[in-house]
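In: output the structure for:
(chains A, B and C)
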Amino acid sequence: MNLAWKELRRRPGKFAVAVLTLTVLAALLLFIASLLDGLFLGTTGAIRVQNADIFVYSNASRDSFLRSTITSSTRTEIESVAGVAATGGLGVTLLGAAVPGESALADVAVIGYELAPHGIPVPPKPGQAYADERLKGFGVGLGDTLEVGPQRNAITVIGFVSGSNFLLQGGLWVEPGTWRLVQNSNRPDAPVAASDFQVMLVQAKPGHDAAALADGIDASTKATSSLTKAEAQNSLPGTKEQRSTFNSILATTYLVVVVIVALFFALLTLERVALYGMLKAIGASSRQLFFGVLLQAVVIATVAFAIAGALVAALSAAAPAQLPLQIQSSRVVTSYLILTFCSAAGSLLSLRRVSRIDPAQAVGSAQ
Amino acid sequence: MFLALREIKRAKVRFSLLVLAIGLLVFLVLFQIGLRDGLIGQFVGALRHQNGPIVAFDSQARKNIEGSRITGDEQTALSKIEGVGRVGPLGESTFTVSNAVSRAKTVAKDRLIDAVLFGYQINGPSAGLGAPTTLSKGRLPRSIYEAVASERNRADGFDIGDVVRVEPDGVEITVVGLATDINYSVSPTLFVSWETYLAAHKVRNPEASIVFPSVVLIEPAQGTSVPALVERLANVPNVVVLTREDAVAQSPGVSSVSQSLNTVIGLLVITALMVIGLFVLILTVQKSASLTLMRAIGARPRKLAFGLLLQTTIVVLAGVIVGAMMMAAVAPQLNSIGVAFGFTQAIWVGVGALVVGWLGSIGAVLRVLSIEPISATQPQGMLR
Amino acid sequence: MTNTPSANALELHEVTKVYGEGDNAITALASATLSIAGNEIVALVGPSGSGKTTLLSIAGGLLSATSGQVVVGGKDISKASASELTEVRRSSVGFVFQSVNLVPFLTARENLMLVDELRGSRGKQSKARADRLLGELGLAQRVNNLPSQLSGGERQRVAIGRALMNEPALVLFDEPTSALDTTLGEQVMGLIQSEVKGRGTAAIIITHDERMTHFCDRTVHIVDGRLQREAMATAD
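Out: As a prediction, this is how the structure comes out:
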């Protein structure tokens, strides 16, 4: 293995081909993964931050926020179900907002809430909002008064929060009355009555299973469809399809890594047949030689990943706000481990060739 | 040529790995292209394949039909501009529907799904403005509660004769025609009369006081061109006016999907260039002794270079076939998530792959051409 | 693999090596019997295809004989497994090959230390031994040079040092002077003679060049796989 390490250090050019190719592939993998995470987090943020176990929609809405209505009477029924500790209403309106000093509109999701989500304070005063950091990319600053929707409802930003977007639109967290005003002014075709919400959040009492409680709520009201938090995230349009599509692309790309590393080491082993013959002649075992190959495969993958990581980080920093790239540390670690595993797996093909090299070739073999 | 083919035959593992690598990359490129084109079609196919040449959005909507509402005053302001011929509403909204009466045996009668309704005028001065342009079977709606459905979804209870009910307990719409590529937001889509659209809204929101069209479609008057009219309409306040093609291209979902997938395709092409080019170079370096020998015994450099290009061509074409076959095998299963695949795409990608392969081989070719036959007489010495 | 008490570095008894089967069988070595004492240098001379390489390979544990007994440094390796033969090569045999001798990306010192590394031992002792050997071979100033930075003769001396690093019972040289001119060849042969004799190690040297045989204690000829008469070397 020391031999393999020395070869890497003394002959880096030999491995440049593999490192360059793997760097591009690793960059591709990280880019796709960051895009997937950015899309997922940007789509589901407003749901993930909620301090609730269950999301209750109206029956016919097919778990769509925008088509669901929970009336106050339904709310009373929900609250009477055993196991429900507390409820909080939630409503979302997707609109464009004019930002002072900016010519382009910002995509906003005006979110009326009662229960304070993680990282977001209790509802502000009427006409005020906590804005998601994403909106900074559209020029929104602390104290700015945005004009929301065609009716130009005025909402003043009094603070910033993070990870709270909805369907890739920047969250504007407001008290319920402000939300109803925005909804009713700009969506006269889908008005909301006072005290109605689109979705009712439920906090379960300790010891109550969320899934069982969700079923219980639906059985009791007969007019609702209740989801756990994970189900609510997956119900957002396109989320499941996005994930399966992107994961297929990622899996195929990892397969490409295996093949390319296999190809590279097949060629390299071919070059080294004479050297390996000599080393075996002086007492190296196939196992020792192969572990050297394995070490090189791991090092190549590591170097490529490090370079790719830096490239994608730079791309992410320079990308426009509309390109939802998000680099998660857990994703970085997983991607690295899988890449290294694939690289090691690719080098396995050489194991057979290395084992078959005959040490007797070293003798009498003038090139 | 004989030597080039012989070499491939004798080194099957190496060349097979290279073919497999190229095949996987080609598959990925075809997948991305299919995803990009298919998603765009499924996102905004309905907008692309309706007959209104000019589309006016609410200026607040950021060119997104779903977020757009055009008021009566704005519609009036638009129709007053010189050169405007006909003006008609187009409403878009997603509804929960069920298949009350369906011939499709696989469809449960009480199954609820999402469907997008596009409402347009079938009567009056702007009759037919907004109708789908890709009718493949049946006819356009002639009265209330009739619809043209997206052909992609015919087996899901949207075939001619099927009745779709807007839930809860709402209007029942009969499918009288099918059109290709008219999906919207990756959902089953129905083009209905404006009255049907209003009735569907009423079912969902009985308190709704007024339903605005999402966008307004405009036809130029005789003698006025589309671009000229779009320019004039730009001065109307509170609206953004685009040609239909621009409206499709600038749809928020479309541009970000295109941007992202084009970046991925770009990276894949670079990878393919590197894989082919650099590996062919390694192969050439490895056999430099044999190439030198052949030069020494009289082989012309061009002939050796041609042999190399021939190998590249064979490997790339084999890789393209492998990649296209993989894509053809998985494409039917990916139809539902919007991945399109066509023979033409495969041909273009194949041509592109060959060009990339030849470009990538330039380094190896130059190396072959630079071999000096005299070096065959020099001792090999120590292992390189 | 068994230990046989013997003062000889190598004993071959009726060793035969046949490649292929039936009509395609080729007898590369036929009934070879040879003994080499603990500090003897034997030249093995013969035309191309005579079986010199096969004999050397069997003696060095690179090949197994089809029949016969092979004892190296007191160990009977006739029926040894592949891994046992690898161990023999690590501990009891040294090689200087005709062409591929040195790892091109290791320095002279590292090429010697590689032998210890393959046996699982590393560290200051290994380094000191390598430096001492290279010093004895006149390469004290070249310990940190890569093979590409050494002359042909220097590379050959490093290879000799590498072959002696594991203090083998037997060192096998495959045409050690074929790539060198006469003067250099004689220098290298002289070095082989002094180093091998000085350590009480035995050696077999394959050579085409009859001019070099006088550095050896005796010459063994081989023709068509059969060992011929033995000749004593004339003293210098």
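In: got the contact list for B:Gln345?
Out: Neighbour list for B:Gln345: B:30, B:33-34, B:37 [criterion: Cβ atoms under 8 Å, 6 or more residues apart in numbering or on different chains]. Where you see a C-beta, it was placed from the backbone N, CA and C, and this is true even at glycine.
In: give me that answer again for 7 Å
Out: Residues in contact with B:Gln345 (Cβ atoms under 7 Å, 6 or more residues apart in numbering or on different chains) are B:30, B:33-34.
In: show me where the chain has its strands.
Out: Answering for chain A, as no chain was given. Remark: strands assigned in chain A by DSSP state E are A:54-58, A:84-98, A:106-113, A:128-132, A:145-148, A:153-161, A:170-174, A:199-204, A:224-228.
In: um, chain C though
Out: Under DSSP E, chain C gives strands at C:2-3, C:8-19, C:26-37, C:41-45, C:67-72, C:75-76, C:93-96, C:170-174, C:202-206, C:218-223, C:226-232.
In: and the residue of chain C nearest chain A?
Out: C:Arg90 (3.1 Å; Cβ to the nearest Cβ).
In: how close does the residue lying closest to that residue once chain neighbours are set aside sit to C:Thr86?
Out: Leaving aside its sequence neighbours, C:Arg90 sits nearest to A:Gly283 (Cβ to Cβ, 6 or more residues apart in numbering or on different chains; 3.1 Å). Distance, A:Gly283 to C:Thr86, using Cβ to Cβ, to the nearest Å: 6 Å.
In: cool, and A:Gly89?
Out: Plainly put, A:Gly89 is 76 Å away from C:Thr86 if you go by Cβ to Cβ.
In: ditto for C:Ala202
Out: Separation of C:Ala202 from C:Thr86 (Cβ to Cβ): 21 Å.
In: torsion angles phi and psi at A:Asp52?
Out: Not quite, residue A:52 is Ala, not Asp. Here is the backbone geometry of A:Ala52 (degrees, to the nearest 10): phi -140, psi 160.
In: that one is in contact with A:Gln203, isn't it?
Out: Yes: with contact defined as Cβ atoms under 7 Å, A:Ala52 counts as touching A:Gln203 (5.5 Å).
In: so which of these two has more stuff around it?
Out: A:Ala52 (25 against 18; other Cβ atoms under 10 Å in any protein chain shown).
In: of A:Gly89 and C:Thr86, give the one with the bigger neighbour count.
Out: Each of A:Gly89 and C:Thr86 has its neighbours counted (other Cβ under 10 Å); C:Thr86 has more, 23 against 20.
In: ok, now which ones touch that one?
Out: Taking Cβ under 7 Å, 6+ apart as the criterion, C:Thr86 is in contact with A:283, A:285.
In: per-residue confidence averaged over stretch B:206-226?
Out: Stretch B:206-226 comes out with an average pLDDT of 91.
In: what mean pLDDT does stretch A:309-328 get?
Out: Average pLDDT, stretch A:309-328: 85.
In: over to it now: how far is its first residue from its last?
Out: 12 Å (Cα to Cα, to the nearest Å).
In: stretch C:205-215 too?
Out: Stretch C:205-215 end-to-end distance (Cα to Cα) = 10 Å.
In: which residues touch it?
Out: C:41, C:43-45, C:52, C:56, C:173-177, C:185, C:189-190, C:192-193, C:216, C:219, C:233-234, C:236.
In: pLDDT averaged over that stretch, what's the number?
Out: Mean pLDDT, stretch C:205-215: 86.
In: okay, buried residues for that stretch please.
Out: If you call a residue buried by 16 or more other Cβ atoms under 10 Å in any protein chain shown, then stretch C:205-215 has these buried ones: C:205-207, C:212-213, C:215.
In: now for those: which two are most distant?
Out: The span of the buried residues of stretch C:205-215, defined through Cβ to Cβ, is set by C:Ile206 and C:Phe215 at 13.4 Å.
In: coming back round to it: show me what contacts the residue nearest to C:Arg90?
Out: Per Cβ under 7 Å, 6+ apart, neighbours of A:Gly283: C:86, C:89-90, C:118.
In: and B:Met327, how many neighbours does it have?
Out: 24.
In: how near is it to B:Leu28?
Out: Distance from B:Met327 to B:Leu28, by Cβ to Cβ: 9 Å.
In: also B:Thr189?
Out: 30 Å.
In: any idea of the pLDDT on whatever residue of chain A ends up closest to chain C?
Out: Here chain A gets closest to chain C at one residue, A:Gly283, 3.1 Å apart by Cβ to the nearest Cβ. Here, the pLDDT recorded for A:Gly283 equals 92.
In: distance of it relative to C:Lys124?
Out: Distance from A:Gly283 to C:Lys124, by Cβ to Cβ: 22 Å.
In: and what of C:Leu170?
Out: For C:Leu170, the distance to C:Lys124 - Cβ to Cβ - is 28 Å.
In: looking at these two, which one has more neighbours?
Out: C:Leu170 (26 against 7).
In: how about that one, what does it touch?
Out: C:9-10, C:59, C:72-73, C:92-93, C:202.
In: ok, now A:Pro121?
Out: A:Pro121 neighbours (Cβ under 7 Å, 6+ apart): A:Tyr130.
In: measure how buried the nearest residue to A:Ser347 once chain neighbours are set aside is and give me the count.
Out: Once flanking residues are discounted, A:Ser347 sits nearest to A:Ala297: 3.8 Å by Cβ to Cβ, 6+ apart. Neighbour count for A:Ala297, taken as other Cβ under 10 Å: 28.
In: per-residue pLDDT, A:Ala297?
Out: At A:Ala297, pLDDT is 94.
In: quick one: it from A:Ala345, how far?
Out: For A:Ala297, the distance to A:Ala345 - Cβ to Cβ - is 9 Å.
In: what's the answer for C:Ser148, then?
Out: Distance from C:Ser148 to A:Ala345, counting by Cβ to Cβ: 34 Å.
In: more neighbours, those two?
Out: The neighbour comparison of C:Ser148 against A:Ala345 (other Cβ under 10 Å) goes to A:Ala345, with 16 against 12.
In: nearest spatial neighbour of the more buried one, skipping sequence neighbours?
Out: A:Val258 (5.3 Å).
In: run a quick neighbour tally on the one you found.
Out: Neighbours of A:Val258 under the rule other Cβ under 10 Å: 21.
In: thinking it is in contact with A:Gly346, fair?
Out: Yes: judged on Cβ under 7 Å, A:Val258 makes contact with A:Gly346 at a distance of 4.4 Å.
In: need the overlap of contacts for these two.
Out: Counting by Cβ under 7 Å, 6+ apart, A:Val258 and A:Gly346 have no contacts in common.
In: what's the single longest helix in chain C?
Out: helix C:182-199 (DSSP state H).
In: mind pulling up the pLDDT for residue 119?
Out: No chain specified, so I'll use chain A. Reported pLDDT for A:Gly119: 94.
In: try chain C instead
Out: Predicted confidence (pLDDT) at C:Arg119: the value is 84.
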